[in-house]
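>>> prediction below, plus the sequence it came from.
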Amino acid sequence: LEGRAREILAGLGFTEEMMDGDVGALSGGWKMRVALSRILLMRPDAMFLDEPSNHLDLESLIWLEGFLKGYEGGLLMTSHDREFMNRIVTKVVEIDGGSLTTYSGNYDFYEGQRAQNEAQQQAQYERQQAMLAKEIKFIERFKARASHAAQVQSRVKKLEKIEKVEPPKRRSTVLFEFQPPPRSGDDVVNLKNVYKGYGKRTIYEGLDFLVRRAERWAVMGVNGAGKSTLLKLVTGTTQPDDGTVALGGSVKMGYFAQHAMDLLDGEKTVFEQLSDSFPRAGQGSLRALAGCFGFSGDEVDKKCRVLSGGEKARLVMAQMLYDPPNFLVLDEPTNHLDMGTKEMLITALSRYEGTMLFVSHDRHFLGALSNRILELTPDGIHKYGGGYTEYVARTGQEAPGLRS
């Protein structure tokens with residue numbers, strides 16, 4: 001049993017030292033991994049997993065995929081990770097307006113099938129509306145004529161019996177349109193001969209890294225490789241022990257990290273948080289902004305303290321993108337986002353004209369937005385031109401920690 005336990009913990013990213021350490025000393029994300037390990041170790045007949053990928057890095061996520069593929073029991077889960085679902089699930093249950101619809105297939109199949117069903121329903125609805133309009137026109141035209149009384153009566157009865165086709169429910173997706181950000185200089189940030197460590201652990205030794213305008217760097221590496229540290233060095237949240245970090249001319253930076261959600265004022269409403277950030281913006285444009293990020297109608301009057309993790313992330317994102325910076329630094333931006341907001345964000349960012357540096361374990365996000373990869377490994381730092389899809393093709397692996 002201990003051997004299996006260690007195998008599962010290693011798969012979820014635990015070092016030998018962590019395995020033998022105190023659970024109480026672990027952060028929330030690692031405690032979630034311990035809880036997940038316990039369930040996997042039990043090999044139950046059925047598993048219920050609520051967002052299992054949320055606190056995992058890419059290597060652990062891919063390991064979990066392999067584990068679940070080999071699992072022979074029943075699995076019911078919620079997830080916002082498209083790639084993960086595509087590889088694991090064989091059925092999708094959609095809850096919409098209080099009713100359940102089951103689709104046989106993975107997430108991509110469900111999306112295609114749902115779109116097809118909606119198109120068919122729309123066509124049926126339009127055909128019926130045209131037929132109803134024709135019948136009503138006949139009734140209106142001849143209802144006063146005695147010679148047509150029988151025909152009018154039979155058509156009225158036919159209309160009363162007809163089963164109405166409803167139009168498909170409109171999915172409220174509002175696209176966020178970026179204002180064009182101000183143009184920055186060609187060199188956006190330049191790290192020269194940077195050294196950084198914590199205690200006895202050295203993370204960077206003589207790092208040189210230049211980000212140029214319009215580049216979109218995804219930073220990849222196993223847990224503890226220094227991904228978030230690099231973002232903190234770039235944003236000035238932490239200082240190098242040696243070396244220099246220089247921002248280029250006319251750079252206006254936006255930084256999204258999990259701690260930004262803790263800085264929201266719990267007593268303010270969503271709308272107050274936005275209007276205090278942008279006092280000169282009109283009410284209409286702020287409400288439109290809130291709507292793009294999933295706060296429609298009365299939801300803008302919610303106090304920040306009652307918001308879920310996903311709602312807080314959406315609010316912080318809305319604040320950051322309204323008056324767009326020309327350099328976005330994003331640390332796991334999709335962590336708490338639902339599928340709709342994630343797709344909206346990917347679409348909006350793919351049209352964004354600025355520069356990006358980001359960390360994400362969402363392969364759909366990585367593939368859609370990166371055009372450069374910075375890979376942090378124990379053997380050194382590797383830079384790849386081309387985005388995540390090209391990186392996978394060149395290395396034969398989806399994550400740095402999986403390379404032999």
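Happy to help now that I have it.

>>> show me which residues of stretch 153-163 are buried.
Under the neighbour-count criterion of 16 or more other CB atoms under 10 Å, stretch 153-163 has residue 155 buried. Any C-beta I mention is one placed from the backbone N, CA and C, and that applies to glycine too.

>>> mind checking how far that stretch is from the chain centre?
With CA atoms, centre = their mean, to the nearest Å as the basis, stretch 153-163 stands 49 Å off its chain's centre.

>>> let me see the mean pLDDT of it.
What stretch 153-163 shows for mean pLDDT is 92.

>>> CA atoms only for it, dumped as CSV, please.
What follows is stretch 153-163, C-alpha atoms only, in CSV (Å, rounded to 0.1, in the frame of the first residue of the first chain):
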residue,chain,number,x,y,z
GLN,A,153,-63.3,27.4,-37.7
SER,A,154,-61.3,24.3,-38.7
ARG,A,155,-58.1,26.4,-38.9
VAL,A,156,-58.7,28.0,-35.5
LYS,A,157,-59.1,24.5,-34.0
LYS,A,158,-55.9,23.3,-35.8
LEU,A,159,-54.0,26.2,-34.4
GLU,A,160,-55.3,25.5,-30.9
LYS,A,161,-54.1,21.9,-31.1
ILE,A,162,-50.6,22.6,-32.5
GLU,A,163,-47.6,22.0,-30.3
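
>>> which elements pack onto the lengthiest helix in the chain?
Longest helix of the chain, by residue count under DSSP state H: helix 107-142. In terms of contacts (3 or more CB pairs under 8 Å, 6 or more residues apart in numbering; DSSP states H and E), helix 107-142 is packed against helix 82-88, strand 91-96, strand 99-104, helix 149-161.

>>> is it true that residue 169 touches residue 98?
No. Assessed by CB atoms under 8 Å, residue 169 is found out of contact with residue 98, at 11.6 Å.

>>> higher neighbour count, those two?
residue 169 (10 against 5; other CB atoms under 10 Å).

>>> quick one: contacts for that one?
Contact analysis of residue 169 by CB atoms under 8 Å, 6 or more residues apart in numbering lists 96-97.

>>> and it, which of the three is it?
With DSSP: H, G, I helix; E, B strand; the rest coil as the basis, residue 169 sits in coil.

>>> same question, the one 10 residues further on
Classification of residue 179 by three-state DSSP places it in coil.

>>> that one and residue 323 touch, don't they?
Yes. Contact criterion CB under 8 Å: residue 179 and residue 323 qualify, at 7.2 Å.

>>> when these two are compared, which one has more neighbours?
residue 323 (14 against 9).

>>> residue ranges with poor pLDDT in the protein?
For the chain, the stretches flagged by pLDDT under 70 are 171-174, 403-404.

>>> outline the domain layout of it.
2-97, 108-161, 187-402 (automatic domain parsing).

>>> give me the distance between the shortest one and the centre of its chain.
I take that to be domain 108-161. The answer for domain 108-161 is 42 Å, by CA atoms, centre = their mean.

>>> where's the closest residue to residue 250 other than its chain neighbours, which helix or strand?
In this structure, residue 250 finds its nearest non-sequential neighbour in residue 184, 5.0 Å apart by CB to CB, 6 or more residues apart in numbering. Per DSSP states H and E, residue 184 falls between elements, in no helix or strand.

>>> for stretch 262-279, what is the distance to the chain centroid?
For stretch 262-279, the distance to the chain centre is 23 Å (CA atoms, centre = their mean).

>>> pull out the buried residues from that stretch.
Buried, per 16+ other CB under 10 Å, within stretch 262-279: 264, 269-271, 273-275.

>>> and the two most separated of these?
Put simply, by CB to CB the two of these set farthest apart are 264 and 275, 13.9 Å from each other.

>>> got the contact list for stretch 239-251?
Contacts for stretch 239-251 (CB under 8 Å, 6+ apart): 182-197, 204, 206-207, 233-234, 236, 253, 326-327.

>>> cross the residues you listed against strands and list the overlap.
187-197, 204, 206-207, 253, 327 (DSSP state E).

>>> backbone dihedrals for residue 263, please?
Dihedral pair for residue 263: phi -90, psi -10, per degrees, to the nearest 10.

>>> er, residue 236 actually
Here residue 236 shows phi and psi, under degrees, to the nearest 10, equal to phi 80, psi 10.

>>> from residue 251, how far out is it?
12 Å (CB to CB, to the nearest Å).

>>> list the contacts of residue 114.
94, 103 are the contacts of residue 114 under CB under 8 Å, 6+ apart.

>>> how close does it sit to residue 258?
For residue 114, the distance to residue 258 - CB to CB - is 32 Å.

>>> what is the orientation angle of the longest helix of the chain with helix 149-161?
Angle of helix 107-142 versus helix 149-161, following axes from the mean of the first three to the mean of the last three CA atoms, to 10 degrees, is 160 degrees.
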